[in-house]
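S.K.: Got a sequence here, can you model it:
(2 chains)
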Amino acid sequence: MFSPLPMKQISIKVLNEDLPGASVILAGLSNFSPDNRPYAENALTEIPGQHFREQYNQAKSRLDKISALVSYTPAPFDGEVTTITEAELEEANQWLGEAWETCSDFEERQRRLTEESRNISQLETSLANFSNLDVDLGQLQQDQPFLESSIGMVSSNRVEQLKDAIGLDGYLLFPFLRSEKESHVLIIGAKRTEHSKLKSVLDTAGFRPLDIPPELHTEPETAKSRLAERHAAVDENSQQLNLEIVAWRANALEGLEQTAHTLHLAAPYVALGEAARRSGKLARLQGWVPAEDMAQVEAALQQKLPNAFVLESRDPLPEERAIVPSVMRHSRLFKPFSSLVMQYGVPRYGEVNPTHLFALTYILMFGMMFGDVGHGAVILGAALIWRRKLGSFTPFGVAAGISSMVFGLLYGSIFGFEHLFHAWWIAPLSDPLYMLTVALLWGIGFIVISSLLNIINHLVQGDRLGALFGDNGLLSLLLYTGMLGTGYSLYAEGSVGGFWATLAILTLIGIFAHKLIEQEASIGERILVAFIETFETITGYASNTLSFLRVAAFSLNHVALAIAVFTLAGMMGDTGHWITVVLGNVFILVLEGLIVAIQVLRLEFYEGFSRFYAGDGKAFKPLTLS
Amino acid sequence: MNSQRDQAYLKTRVGIYASRLLSDEDIRILKQMSLHQLGERFDLLPIFEQEIETRQKSGLVEHQLLQQLMNELKVLLRPLSGRSRGLILYWPRKYELYNLKTLIQGKWNNLGIQEIRHNLYALPENIRLPHEALLQAENVQEMLRQLERGPYSQIASQARNIYEEQHENFSLGAAIDRLYYTGMLAQANITDCSDKRGLKKAIGSMVDRQNILWLMRYRLVYQFAPSEVYYLLIPYGGQIQRDKLMELANVEGLDTIIEQLPEPFHSLLAGSVNITDARQRLDFWVSDELRKLMLGSRDGVVAALCYLISRDTDIWRLYAIIQGKLLGMTNDLLDEAVSGIKGSAGSEEAA
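M.R.: Here you go, the predicted model:
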């Protein structure tokens, strides 16, 4: 519960032919994570299923492309679990290949129609532009005895260079309709025999000549209507193509579902990757399984594998801790908190899983900083109403709402009204110093627990030196205790307590000495680094502790904001008063609620997790059929 | 990136990294070393000791050397943000453009997925195209459709034009190279670097080198008309600008071109017997210019860019030596291979 589940490294030796079947069985259990490390035995060198993998990748890519084009979403897998043979996969891939050929043709036709539509639009724009020009375009279109001319489009950012380039051959270029991407240009020059010179440079420049309707000059309206007709024809062709695609989809649906089913079942064998090796008729696969699931794995293999197999398992070796995947199984209640913890990182195998502590402290701090029965009830209600949209995050909203309501009762606050009922504990603004003291004590407790967890984590990893001398180790914790004791003595008795001061100084010397020894540098550099790092330890503890004052500050802020809203409301008439109260509460709920949620997360991550949680573990990625 | 702290970090890093750059003497010594010695010096022994084909070994060496360069790039990127980061991150895009060329030409020539994949550079994700999706395209049209939906739509349109009109294959490569350099110049223009003059000088020297070589090649080898030659050049070089390029595009013959070139190119290339000779001289010049700028610029971004380009050149020279040793080349052939790489500040050689 408080650390990832104990794992077993398993090795399954099977006959070659049973390897795909074994992968499907394990995927059905969803508790086997392949271990892709090289094998110790040199005998098992060959990675099986190369052709299978290639076929699968090609088929999957084809299915994805077809799905995107015809808007098909494969249904979640719920069919019979069988083993897919290479021949079946090849057959599915071949079917998909033929299907994609048709779809690729659809896609190409779509592209051409889009291109044509774009060209017609450009022509329409040109037409509008030409109609304003005092130029006989008919002349430009006709073959002239001494003049050569072209109208077309080129990339806008190359117009100037093209102008210079054809200028070398004596041609003139006039851009007349520029857009960000393309520009219309008119090219004129004296006619010459070596026409290919201009053509060659225009081809290189990607010049696209414009097909100007011959009626343009004499009958612009006819030209316009012709272009409109062409546009309509393109639209009709597009509609026709869409109908063809829909019809094809209806015909191919069964085939798509079958192939999707085949690929679902083929995926586990592909996902095995280098975790499976073979030599001759024997194959072996290795991976990680939660220790509590071992019996289930063995029973499933015994029941479903047709031939004999050998299952071996062992505990992870100490040197393997960094690569053992971490499995955390949480109840529905803790899932959203686990997701937030994962945002920071995956716990290392053996490391303390902070999810439960995070959930408890997050909810408590949220309530302390945003205590209001009314606002809490709104959060609770919203979480319940939108539970479908929130999905697994619903318990998070519910818990935050309840916590806010409970602290609202303790603070005597409902929608900012502070006098409707008596506070069960304390109204924050009645004694701000008391609130700040509580927050400070809460912070001290939080930091002490975080440091203890850090010590435990080091001990679990076998790092005794780190547990004792490392950052946030035992010595640092004692230094913190000494600092707190000294501070309290100074505050309460007006003098530095002898015991606490001695503790602080001795631990400080210990930390400094350790940092001095662990450095690998010249003595001067060692002293400098050790001094800075030791100083950083002291300032770190002090600033982190003070950081928790925000817990009280936000509870005070909540009340202060409510007072501001009521002061504003008091300046209004009856209707204005209630409108201001409602809008003010919405403002507090949305803006302050969001800020508090972020601030609590910040306290958790920066003041808590950074002390004890490496978060660089390996996520458990089991073979699945989904 | 403007803070003094970030400038100091970048300059210190470049200062430390600069000691890794190879001098001509280093290259001479490396050429004399055995494969085992080279493996020891550059941590490549595990690759050399593997029982795999020479081609595979060569691929692994290339991958590892490129990885070293990308790791250094990552370190130099650390303090950078905004446009300075954009500029430094633009530089390795040349590898992605090589990949793009490989992908298009591979599909064009109906090569298998494995064959094309083998020839792609492994790059960091933030500058990489979705190779796998592109490789799974079943023909060149499908791949061009995919590319047209991404940041390389301009190249894809050009390639489609070439594919459909059956134009010469080289124009695709020329378009890709031109896109790279113009993109680099555009990045330099908008960056907030404090030594813009140095930055433009660095990029300008590469563009000048490229323009001179393209000019010679298009005019003398492909025999293009002046207008086409000029269109294919980049009119924003360091020392050879628009008007001079227009003038040069009209010139015929290697000697006449060299005669018309402004200084320092005129003296540098005087007596070149062919384009290869001219390229080697230009490469030495670019390499020297970049190293001088790296050490002399007051801006860390300029120093970092010059370092990366110089380091890139060195890595390909080293790769050429190792590949030559793997293939059992004679020292003469090795000399030729290495000098062919020197100063691949440009683009086409490394491809």
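S.K.: Next up, identify which helix or strand A:Leu256 is on.
M.R.: helix A:220-272 (DSSP states H and E).
S.K.: for A:Thr537, helix, strand, or coil?
M.R.: Following DSSP: H, G, I helix; E, B strand; the rest coil, A:Thr537 is assigned to helix.
S.K.: Check the gap between it and A:Arg464 for me.
M.R.: 19 Å (CB to CB, to the nearest Å). Backbone N, C-alpha and C define where each C-beta goes, glycine included.
S.K.: same question, A:Gly445
M.R.: Per CB to CB, A:Gly445 is found 26 Å from A:Arg464.
S.K.: Repeat that for A:Ser404.
M.R.: Note on A:Ser404: its distance to A:Arg464, by CB to CB, is 43 Å.
S.K.: more crowded one of those two?
M.R.: For A:Ser404 and A:Arg464, the more surrounded residue by other CB atoms under 10 Å in any protein chain shown is A:Ser404, and the numbers stand at 30 against 14.
S.K.: B:Arg197 looks like it's in a helix, true?
M.R.: Yes: read with three-state DSSP, B:Arg197 is one of the residues of a helix.
S.K.: How many residues are close by it?
M.R.: 13.
S.K.: burial count for the residue of the stretch 151-300 of chain B found nearest chain A?
M.R.: Relative to chain A, the nearest point of the stretch 151-300 of chain B is B:Tyr231 (3.8 Å; CB to the nearest CB). As a burial measure, B:Tyr231 scores 26 neighbours (other CB under 10 Å).
S.K.: Equivalent analysis for the one 4 residues further on, please.
M.R.: By the measure other CB under 10 Å, the count of residues near B:Pro235 is 20.
S.K.: Surely it touches A:Leu162?
M.R.: No: between B:Pro235 and A:Leu162 there is no contact under CB atoms under 8 Å: 11.4 Å.
S.K.: one step back: pLDDT at the residue of the stretch 151-300 of chain B closest to chain A, what is it?
M.R.: B:Tyr231 carries a pLDDT value of 88.
S.K.: quick one: contacts for B:Val273?
M.R.: By CB atoms under 8 Å, 6 or more residues apart in numbering or on different chains, B:Val273 lies in contact with nothing.
S.K.: go on, A:Ser150?
M.R.: A:Leu186, A:Ile187, A:Leu198, A:Leu202, A:Phe207, A:Pro209.
S.K.: one more time with 6 Å, if that's ok
M.R.: A:Ile187, A:Pro209 (CB atoms under 6 Å, 6 or more residues apart in numbering or on different chains).
S.K.: Can you tell me how far it is from B:Ala175?
M.R.: 21 Å.
S.K.: do the same with A:Phe446
M.R.: 61 Å.
S.K.: just A:Asn119 next, same as before
M.R.: Counting by CB to CB, the gap from A:Asn119 to B:Ala175 is 22 Å.
S.K.: cool, A:Thr262 as well?
M.R.: To B:Ala175, A:Thr262 is 42 Å away according to CB to CB.
S.K.: likewise A:His458?
M.R.: On the measure of CB to CB, A:His458 and B:Ala175 end up 59 Å apart.
S.K.: same question, A:Ala619
M.R.: Distance of A:Ala619 to B:Ala175, computed by CB to CB: 43 Å.
S.K.: what about these two, which has more around it?
M.R.: Counted by other CB under 10 Å, A:Ala619 and B:Ala175 do not tie: B:Ala175 has more neighbours, with 21 against 13.
S.K.: Quick check: closest non-adjacent residue to the more buried one.
M.R.: B:Gln158 (4.7 Å; CB to CB, 6 or more residues apart in numbering or on different chains).
S.K.: Just the CA trace of the strand or helix carrying the one you found, in PDB.
M.R.: Using DSSP H and E, B:Gln158 sits within helix B:153-165. Extracted C-alpha coordinates of helix B:153-165, given in PDB (Å, rounded to 0.1, in the frame of the first residue of the first chain):
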ATOM      1  CA  SER B 153       5.000  21.600 -47.600                       C
ATOM      2  CA  GLN B 154       7.000  23.900 -49.800                       C
ATOM      3  CA  ILE B 155       9.600  21.100 -50.500                       C
ATOM      4  CA  ALA B 156       6.800  18.600 -51.000                       C
ATOM      5  CA  SER B 157       5.200  20.800 -53.600                       C
ATOM      6  CA  GLN B 158       8.500  21.300 -55.400                       C
ATOM      7  CA  ALA B 159       9.100  17.500 -55.300                       C
ATOM      8  CA  ARG B 160       5.600  16.900 -56.700                       C
ATOM      9  CA  ASN B 161       6.300  19.300 -59.500                       C
ATOM     10  CA  ILE B 162       9.500  17.500 -60.200                       C
ATOM     11  CA  TYR B 163       7.900  14.100 -59.900                       C
ATOM     12  CA  GLU B 164       4.900  14.900 -62.100                       C
ATOM     13  CA  GLU B 165       6.900  16.900 -64.700                       C
END
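S.K.: What is the neighbour count of B:Gln260?
M.R.: Neighbour tally, B:Gln260, other CB under 10 Å: 14.
S.K.: Need the mean per-residue confidence for the helix or strand that the helix holding A:Leu256 is followed by.
M.R.: Note on helix A:220-272: by DSSP H and E, the next helix or strand toward the C-terminus is strand A:276-279. Average pLDDT, strand A:276-279: 88.
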